[in-house]
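K.L.:
Make a model of this:
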Amino acid sequence: MEIQLYFDIVSNDGVDIGVAATATLSGKYIPADFHHDIEDDRECLVGDISFTDEEGEEMIGSEKLTEIVYEHVNDNDINIYKDAEKGGYIFYIDNFKSDHDYAALMQ
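P.N.:
Below you'll find the predicted structure:
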């Protein structure tokens, strides 16, 4: 199932970088029962990523920003799955608050 994810990366000096990403949900969750352990092979694989500045202009993201996207989606994958089970394909997840300033994020 292909979905759209949206969130902001907020630098420690208050600059917002908008993130729009496509991701593919795959796998399944099988709860434990008397005969089997829990099986959880769910994945949220991020594909295309685009970044926008505070004025909505598209910008080129750094490797550091791309890594943040992968980590943030991975940290929220269970919530993304729960929301996807309710239906829909567009999801807004919590913003990521960075410890780095804007200049460091763009390197």
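
K.L.:
where's the longest helix seen in the chain relative to the chain centroid, distance-wise?
P.N.:
Using DSSP state H to define each element, the chain has its longest helix at helix 63-75. From the chain centre to the centre of helix 63-75 is a distance of 7 Å (C-alpha atoms, centre = their mean, to the nearest Å).

K.L.:
Name the residues of whichever helix or strand comes after that helix that are buried.
P.N.:
Using DSSP states H and E, the next helix or strand after helix 63-75 towards the C-terminus is helix 77-85. Within helix 77-85, the residues scored as buried using 16 or more other C-beta atoms under 10 Å are 77, 80-81, 83-84. Every residue, glycine included, has its C-beta placed from N, CA and C.

K.L.:
Report the central residue of this structure.
P.N.:
V73 (2.8 Å; C-alpha atoms, centre = their mean).

K.L.:
for that residue, what are its contacts?
P.N.:
5, 21, 23, 44, 46, 80, 93 (C-beta atoms under 8 Å, 6 or more residues apart in numbering).

K.L.:
The same query, at a cut-off of 7 Å, please.
P.N.:
Counting by C-beta atoms under 7 Å, 6 or more residues apart in numbering, V73 makes contact with 5, 23, 44, 46.

K.L.:
Likewise for K64?
P.N.:
105, 107.

K.L.:
what about it, distance to N76?
P.N.:
Using C-beta to C-beta, to the nearest Å, K64 is found at 19 Å from N76.

K.L.:
how about I9, secondary structure?
P.N.:
Under DSSP: H, G, I helix; E, B strand; the rest coil, I9 falls in the strand class.

K.L.:
likewise N12?
P.N.:
Under three-state DSSP, N12 comes out as coil.

K.L.:
okay, now it: neighbour count?
P.N.:
Using other C-beta atoms under 10 Å, the number of residues around N12 comes to 13.

K.L.:
now do V15
P.N.:
There are 17 residues near V15, going by other C-beta under 10 Å.
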